[in-house]
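[1] This is the structure alone, sequence omitted:
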């Protein structure tokens, strides 16, 4: 039973206990007279039980009156046993700790930590008291005892210090043993501010080791990936295998595609495509992340990369996180590839059985070379004849495990992977979180994109916003109205969108209003979006399903209702749906007061900047790496000690040291990964 409770804290061996670090500390090294206690403080008190009785006030509870001569207070227990009640008899001396608050009988502590003490008292702790992460059935006292035993048991030196001593000396960091001893039992007088800020040398020592372990894990994944075999794509490979003759070879098909597009690549697009082409020409798997701001042309670059594989007679899978985005990509890619004789098939979870069977059969036989879909692409029923390239859009929406499942769809070789994100990631974070990937950046927008003006408007001015929509639509423009109930259920989101659509239809009866949300069927969503793209719908009311992939150049106004509930990255993505034509565009962030400090900061950043990289940097500062990488991102989103913003100055040292350890001390690398990453690194195994 104890093993199961400890497992919930990630403890599977005795040594693991040492890395369950305190969340905070309390000073229990002095006793406070009861008569001096104040509401809202945490304190240690000692006294004699004056009265103990069971009361029945809505629920059964044990009330204990404790006095020390300077005053008295109540100890209140809602959960207690008969043995516990007997141990709190009148005259018993207790030492208690807890949060003091006002109660119906005066000051009280609810469920204090307590212990009986003799008349002579007991020595007080000589160190600060650690407060550990909680788990059901395991008290703080028991956890402290287990950690102390683990520390004592390690006196034999089983706790291996993998960092070079000279490095720790150079960085003025303690040994591993000293750091753990300190963090589990800080001496009296320790400055709590440095511990709370995470800047104490003992914390920095462990942060360095944890970041190093994650870096090593990703670098090992990269090495394993590069050691696998992939299809070498390009004219040399085509000539050697005879593949792609019908399409004229990969490079030829890529050139035909680029020549047929109604626009020319920017310098940044051309540079990134050259990097991708160089990777695809090798017989080892490409794993490249392409990041760039909203509207920079990532999809066109991905299509050009796909042409190289398709022209070599191989297949390509293009995966998107939502059905709406998959449908948009399928329509765009079909528009580009149909004239070149390349068939595109869409595979989603909601499509009809007949259409799905037809698509699956065509892909399995190789008749359909380009498959576009959602997570349905990596399900067991999905088979490819010769998958050579997997393209994953908006990668942060997928877990690492999900995108790696696509790699297993290759038969005789591991598919190349091209991963795209329109959520730009600051360089320090990208180099650390994606050490297994090569990173390309499209840092240039196509000419003609008009900057979007962003305004922040309170709910009280909703009528003015509606009037602005009316004026825009009467002038031939189109608008979005996005309902941002992101903290509620999908059902409530759809309900909010339906109510907003009804209200706007009533307020603007002369406008054609459309509605899109997650509960609509795929065909229905597609039909509404097609009508909006064609100008048949003037105002589109939607949930955040339109966040990515929707391209309607005539839409120049977006209203985001309840904007204070959303994160910076998502707000920036939504804003990217406008400003795609020649018209001046505006984004209205409609909020309800009062605003939290975080919400106020988010809205201010968005109002001040259209630069996705600057917004990503501020998002990292405001919310941390877990949100920026996606909640399902394995690894760095679950750091225990380190913080990528606070500890960014450690990252250059981490990368240098990781390369050195892999080269010179592979056993130390394995030990660090086992200690800090554990089974989590198994997601990256190739084979």
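    Perfect, thanks for sending it. Treat the numbers as computed from the prediction; the structure is a model and nothing was measured.
[2] from here on, contacts and neighbour counts on C-alpha atoms
    Noted.
[3] Now do the helices in the stretch 451-600 of the chain.
    For the stretch 451-600 of the chain, the helices defined by DSSP state H, counting those that start in this stretch occupy 462-474, 490-507, 522-533, 568-575, 597-608.
[4] what does the shortest one contact?
    Judged by CA atoms under 8 Å, 6 or more residues apart in numbering, the contacts made with helix 568-575 from elsewhere in the structure are 294, 422-423, 452, 544, 546-548, 558, 563, 587, 602-603, 606, 610, 612, 615-616, 619, 628.
[5] by how many degrees do it and helix 597-608 diverge?
    40 degrees (axes from the mean of the first three to the mean of the last three CA atoms, to 10 degrees).
[6] now, which of the contacts of helix 568-575 lie within strands?
    452, 558, 587 (DSSP state E).
[7] where do the helices sit along the stretch 251-400 of the chain?
    Along the stretch 251-400 of the chain, the stretches classed as helices by DSSP H, counting those that start in this stretch are 267-280, 298-311, 323-337, 353-365, 400-407.
[8] Which strands or helices does the third one pack on?
    So that's helix 323-337. Applying 3 or more CA pairs under 8 Å, 6 or more residues apart in numbering; DSSP states H and E, one finds that helix 323-337 makes contact with helix 250-260, strand 344-347, strand 370-373, helix 522-533.
[9] Only the buried residues of it, if you could.
    Going by neighbour count (16 or more other CA atoms under 10 Å), the buried part of helix 323-337 is 323, 324, 325, 326, 327, 328, 329, 330, 333, 334, 336, 337.
[10] picking that back up, among the ones in strands among the contacts of helix 568-575, which one has the most neighbours?
    Counting neighbours by other CA atoms under 10 Å, residue 558 leads those with 28 neighbours.
[11] which residues does that one contact?
    Listed by CA under 8 Å, 6+ apart, the contact partners of residue 558 are 479, 480, 481, 482, 575, 578, 586, 587, 588.
[12] How much space separates the first one from residue 599?
    When distance is defined by CA to CA, to the nearest Å, residue 479 is 24 Å away from residue 599.
[13] which of those two has more neighbours?
    Taking residue 479 and residue 599 together and counting by other CA under 10 Å, residue 479 has the greater number of neighbours (28 against 19).
[14] What's opposite the more buried one in the beta bridge?
    When assigned by DSSP bridges, residue 479 has beta-bridge partners residue 539, residue 557.
[15] of the helices and strands packed on helix 323-337, which approaches residue 75 most closely?
    Between residue 75 and the helices and strands packed on helix 323-337, the tightest spacing by CA to CA is seen for helix 522-533, at 59.2 Å.
[16] Generate JSON lines for the helices and strands packed on helix 323-337, with mean neighbour count, mean pLDDT and distance to residue 460 as supplementary columns.
    Conversion of the helices and strands packed on helix 323-337 to JSON lines gives the following (neighbours: other CA atoms under 10 Å; pLDDT from 0 to 100; distance: least, CA to CA, whole Å):
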{"stretch": "helix 250-260", "mean neighbour count": "19", "mean pLDDT": "94", "distance to residue 460": "50"}
{"stretch": "strand 344-347", "mean neighbour count": "23", "mean pLDDT": "94", "distance to residue 460": "44"}
{"stretch": "strand 370-373", "mean neighbour count": "26", "mean pLDDT": "96", "distance to residue 460": "42"}
{"stretch": "helix 522-533", "mean neighbour count": "17", "mean pLDDT": "85", "distance to residue 460": "29"}
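[17] Could I get these in CSV, plus columns for distance to residue 49?
    Below are the helices and strands packed on helix 323-337 laid out as CSV (distance: least, CA to CA, whole Å):
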stretch, distance to residue 49
helix 250-260, 85
strand 344-347, 71
strand 370-373, 69
helix 522-533, 68
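[18] Nearest approach to residue 382 belongs to which of those?
    Per CA to CA, nearest to residue 382 of these: strand 344-347, 9.5 Å.
[19] got the contact list for the closest one?
    Here strand 344-347 makes contact (CA under 8 Å, 6+ apart) with 326-327, 330, 333-334, 337-338, 356, 359-360, 363, 368-374, 376-377.
[20] Between the contacts of residue 558, which sits nearest residue 89?
    residue 482 (62.6 Å).
[21] Isn't that closest one up against residue 539?
    No - under the criterion of CA atoms under 8 Å, residue 482 lies out of contact with residue 539, with a separation of 10.5 Å.
[22] picking that back up, confidence-wise, which of the buried residues of helix 323-337 comes last?
    pLDDT across those is at its lowest for residue 324, which sits at 78.
[23] mind listing what it touches?
    For residue 324, the contacting residues are 522, 525, 526, 545, 546, 549, by CA under 8 Å, 6+ apart.
[24] Pull the distance from stretch 143-151 to the chain's centre.
    Relative to the chain's own centre, stretch 143-151 is displaced by 33 Å; criterion: CA atoms, centre = their mean, to the nearest Å.
[25] buried residues in it?
    Using 16+ other CA under 10 Å as the burial criterion, the residues of stretch 143-151 that qualify are 143, 144, 147, 148, 150, 151.
[26] Check these against residue 553 and report the nearest one.
    Nearest to residue 553 among those, counting by CA to CA, is residue 143 at 59.9 Å.
[27] Report the next helix or strand after whichever helix or strand the closest one is part of in sequence order.
    Take DSSP states H and E as the rule and residue 143 turns out to sit in helix 140-153. Reading on from helix 140-153 to the C-terminus, the next helix or strand found by DSSP H and E is helix 165-170.
[28] List of residues touching that following helix?
    Contacting residues not belonging to helix 165-170 are listed as 174, 175, 205 [CA under 8 Å, 6+ apart].
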